[in-house]
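[1] sequence plus predicted model, see below.
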Amino acid sequence: MDAAVQRAKEQSTGEGDKPIAQPISAPAMVERFGWLTCQLSLEISIENFKVGELLQLNKGAVVETTCHFTSDIPLRANGLLIGWTEFEVIGSRLAVRITELA
């Protein structure tokens, strides 16, 4: 691992044999990495929720969140925060609209 860190430092400072990596534009990133899959998740905070309450959940149970219905909800890709969203109903489906990118 230390060797990989050293190589990264050398590349970022321009030392060594390898040239400094140039930033990749968004269209180039889509072209190169667009086929990779990722897991998107939304985080809705529920404070003071106990394991006992979790174990007693049944179909049809309603759980109150700390989010106001107008609050933006964090959107994560593979655990990394990428933006904020708001819920929206489209037909009979629940969707999210991205309101801000991180």
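    That came through fine. Numbering: from 1, shown residues only.
[2] CA atoms for contacts and neighbours, from now on please.
    Fine.
[3] can you report how many residues lie near residue 95?
    13 (other CA atoms under 10 Å).
[4] what sits closest to it if chain neighbours are left out?
    residue 88 (5.1 Å; CA to CA, 6 or more residues apart in numbering).
[5] next SSE downstream of whichever strand or helix holds the one you found?
    Taking DSSP states H and E as the criterion, residue 88 maps to strand 80-90. Heading C-terminal from strand 80-90, the first helix or strand you meet, by DSSP H and E, is strand 93-101.
[6] quick check, pLDDT for residue 17.
    pLDDT recorded at residue 17 is 58.
[7] sorry, that was for residue 72
    91.
[8] kindly report the same for residue 102.
    In this model, residue 102 carries a pLDDT of 88.
[9] just to revisit the earlier point, show me the contacts for the residue nearest to residue 95.
    94, 95, 96, 97 (CA atoms under 8 Å, 6 or more residues apart in numbering).
[10] what bridges to the third one?
    Note on residue 96: beta-bridge partners residue 87, judged by DSSP bridges.
[11] change the start of the numbering to 33 and stick with it
    Sure, I'll start counting at 33 from here, so that last one is residue 128.
[12] wait, it touches residue 122, no?
    No - taking contacts as CA atoms under 8 Å, residue 128 lies outside contact range of residue 122: 9.5 Å.
[13] more neighbours, these two?
    residue 128 (16 against 9).
[14] report the separation between that one and residue 134.
    16 Å (CA to CA, to the nearest Å).
[15] helix, strand or coil for the residue most central in space within the chain?
    Centroid-nearest residue in the chain, with CA atoms, centre = their mean: residue 108, separated by 1.4 Å. Assigned with DSSP: H, G, I helix; E, B strand; the rest coil, residue 108 falls in the strand class.
[16] wait, it touches residue 72, no?
    Yes - using CA under 8 Å, residue 108 makes contact with residue 72 at a distance of 5.6 Å.
[17] check the contact lists of these two and give me the overlap.
    With CA under 8 Å, 6+ apart as the test, residue 108 and residue 72 reach no residue in common.
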